[in-house]
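**Q** below are the sequence and a predicted model for it; my questions follow.
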Amino acid sequence: MSIQPIHFHPRNYHEAVAWQEASRDRVKIAPLGRTPNLVAGVDAAYDKRGKRIFGAAALYAYPDLVLLEEAGAEDDIPFPYIPGLLSFREAPILAAALAGLSQAPDVVLVDGQGIAHPRGLGLASHLGVLLDIPTIGVAKSRLVGEGVDPDGKAGAASPLYREGQVVGLIVRTQDRVRPLYLSPGHLLTLEECLEITLGCVRRYRLPLPLRQADMLSRRLRAKALAQRGVLA
C-alpha cells in the first residue's frame, strides 16, 4: 500500500478525547455498493512488560477466503492503556502492518469497535478515517449500548442500541457460541458489515481474516521475544 498515514500522538487523556470528539464527524456510514475482492483482518499483541506492540494483517481473497499474504510490524507502545482510547495504542501499528501488504484490501476487519464507542470513534473507525478505507469493527465484548442477545443459531443477529440509535449488531457466528459485536467503522453500511463478516466465517467463532491476524500477531511476539531471551 502506498498510503502514508499521519498519526496524531496525544500527550495525555484530555488531548486524546478532544481529538476523538473533533474527528468523529469524519466517519462516513455509506454503502460500499459492491462485493469486495480482498478482505483483510488486523490484530495486535503486546509483550507482558507492556513496552512493545506487534501488529498483524492477513489478506484474503473474498468470498473464497484464500489466504494471499500476511504482513507484520513491531514498535514501542505509543500510549498507555485507557478504556475508550485503545485506538491510540493500536492504530499506528495496524496501519504499519497494512502498509506491508502488496495489495490494498477493499475492506478491513478490525478487532475492536467501530461507531459503538463512547465518542463514536472506536479503533475500526479511527483506522478507517486514518487510511480512508472501509472498515468493520468486530469486537469480542460490548463497550457501549444495549441489546438482547440473538437466538442460538449461527447467523442470528439483533440490534445494539445507544441513546435510541442503532450503532451495531450482536451477532452469533456459530451455533450456541458467545456472540460478537459488530459496528460500522467507516465507508460501509451496517447491513454490509453483517454480510461481509458472516461471509468470512468458517469453522470458528472469529471471522477467518481476524483469526489469522490474531495468530500472526502472537507468532510475531513470540519470535521477537525469543530472540531477546524474554518470555512472551
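**A** The structure has been received and is ready for your questions.

**Q** please make it C-alpha for all contacts and neighbour counts, starting now.
**A** OK.

**Q** helices along the protein, start to end?
**A** The residue ranges that make up the helices of the chain, judged by DSSP state H, are 13-23, 87-99, 123-131, 190-199, 208-227.

**Q** out of those, deepest packed?
**A** Among these, ranked by average contacts under mean count of other Cα atoms under 10 Å, first place goes to helix 123-131 (a mean of 27).

**Q** if we look at it, which residues are touching it?
**A** Residues outside helix 123-131 that contact it (Cα atoms under 8 Å, 6 or more residues apart in numbering) are 3, 5-7, 26-27, 86-87, 90-91, 95, 109-115, 134-137, 184-187.

**Q** now that helix against helix 13-23, angle please.
**A** 70 degrees (axes from the mean of the first three to the mean of the last three Cα atoms, to 10 degrees).

**Q** to the chain's geometric centre, what's the distance from helix 123-131?
**A** The chain centroid and the centroid of helix 123-131 are separated by 9 Å, computed with Cα atoms, centre = their mean, to the nearest Å.

**Q** export it to CSV, keeping only CA atoms.
**A** Listed in CSV are the C-alpha atoms of helix 123-131, where the atom choice follows Å, rounded to 0.1, in the frame of the first residue of the first chain:
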residue,chain,number,x,y,z
LEU,A,123,-10.4,1.6,16.7
ALA,A,124,-12.1,0.5,13.4
SER,A,125,-13.4,4.0,12.8
HIS,A,126,-10.1,5.6,13.8
LEU,A,127,-8.2,3.3,11.4
GLY,A,128,-10.8,3.7,8.6
VAL,A,129,-10.7,7.5,8.8
LEU,A,130,-6.9,7.5,9.0
LEU,A,131,-6.4,5.4,5.9
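
**Q** pLDDT of that helix, averaged?
**A** Average pLDDT, helix 123-131: 97.

**Q** from the centroid of the chain, which residue is nearest?
**A** Most central in the chain under Cα atoms, centre = their mean is residue 110, positioned 1.3 Å from the mean C-alpha point.

**Q** surely it is in contact with residue 138?
**A** Yes - distance between residue 110 and residue 138: 5.8 Å, which falls inside the contact criterion (Cα atoms under 8 Å).

**Q** burial measure for the residue nearest to residue 169 when sequence neighbours are not counted, as a count.
**A** The shortest distance from residue 169 to any residue other than its chain neighbours is 4.5 Å, reached at residue 159 (Cα to Cα, 6 or more residues apart in numbering). Other residues lying near residue 159 total 20 when counted by other Cα atoms under 10 Å.

**Q** contacts only, for residue 159.
**A** Residue 159 touches 147, 148, 166, 167, 168, 169, 170, counting by Cα under 8 Å, 6+ apart.

**Q** just to revisit the earlier point, can you list the helices of the chain in a markdown table and add distance to residue 143?
**A** What follows is the helices of the chain, written out as a markdown table (distance: least, Cα to Cα, whole Å):
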| stretch | distance to residue 143 |
| --- | --- |
| helix 13-23 | 16 |
| helix 87-99 | 14 |
| helix 123-131 | 12 |
| helix 190-199 | 17 |
| helix 208-227 | 19 |
